[in-house]
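Student: quick one, what's the 3D model for this:
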Amino acid sequence: MIELKTAGEIDAMAVTGKVVAQMLHTLTAEAVPGVDLMTLESAARDLLADAGGRSCYWDYAPSFGRGPFRNVICLSPNDAVLHGRPRHQVLGDGDVLSLDLAISVDGWVADSAVTVVVGDPADPADVALVDSTRRALDAGIAAAVPGNRLGDVSAAIGAVADAGGYRVNTDFGGHGLGRTMHEDPHVSNRGRPGKGLRLRPGMTLALEPWWSRGAPDLVVDEDGWTLRAADGSRTAHSEHTIAVTDDGPRVLTARPRDGGQAA
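Tutor: Below you'll find the model as predicted:
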């Protein structure tokens, strides 16, 4: 069942979205060569405690993970793309790191992810990969207007992947959210225009384009959580929480450098 949010409830989610945005802004600045991933996990815990928020990942135990997940942020370096469980790993020049954060403040959830290339020099192919997921996210957001269908959003995301020559895995994608981290509907990163659920004001969605430079197949790391590109290729992941409104899509997790409408 899809729960349509009131304007006041969307404003409440935007409060959480601002916390998520600021945390990711701070943590990406700290993701530099020589930093251990567990240092970023520790910093995320401190920031979350200061904000009075609650991690949606802590004690998360879905059927696909070897739970419970006992971290507050997903950190996915290089060939890891989703559900990256923080571990002791020191970042080096040229590493690609995705940071994915979902938290709750006063009972309302926001979810966002960003991928950065660490230090220097950056492989142009990695930069292009990261940029493609950001542009796909922008395209998906632009399509999230009342009257469009879910397939329009998915098709907009997939078209950017196709243009860049990236292959899309449809096993994991975006989702609804609100009072909990995962709600209906599922939002695939590939779809057909004009098909699927009609978008209505009050729908809140997490859109999250992700793909790799190689094959779309994934394998599960020995930690039971981290999903990696089966061929070891670099990956990228971008995500925002948005609300469908009569005035167009509202980005609830916009970071200072993102431009567009801030939460």
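
Student: who does Val117 bridge with?
Tutor: Val96 (DSSP bridges).

Student: for it, what are its contacts?
Tutor: Listed by CB atoms under 8 Å, 6 or more residues apart in numbering, the contact partners of Val117 are 94-96, 123, 126-127, 130. For every residue, glycine as well, the C-beta is placed using N, CA and C.

Student: repeat that for Leu137.
Tutor: When contacts are counted by CB under 8 Å, 6+ apart, Leu137 touches 157, 207-209, 238-240.

Student: again, only this time at 7 Å
Tutor: By CB atoms under 7 Å, 6 or more residues apart in numbering, the contact set of Leu137 is 207, 209, 238-240.

Student: greatest separation within the residues you listed: which pair is it?
Tutor: Across the contacts of Leu137, the longest distance by CB to CB is 10.1 Å; it joins Pro209 and His240.

Student: which SSE is Trp211 in?
Tutor: Applying DSSP states H and E as the criterion places Trp211 in strand 210-212.

Student: moving C-terminal of that strand, what's the next helix or strand?
Tutor: Counting by DSSP H and E, the next helix or strand C-terminal to strand 210-212 is strand 218-220.

Student: quick check: buried residues in stretch 95-115?
Tutor: 95-105, 108-115 (16 or more other CB atoms under 10 Å).

Student: in strands, which of these appear?
Tutor: Secondary structure assignment by DSSP state E places 96-105, 108-115 of those in strands.

Student: how near is the closest residue to Ser76 other than its chain neighbours to Val15?
Tutor: Spatial nearest neighbour of Ser76, excluding adjacent residues (CB to CB, 6 or more residues apart in numbering): Gly84 at 3.1 Å. For Gly84, the distance to Val15 equals 27 Å [CB to CB, to the nearest Å].
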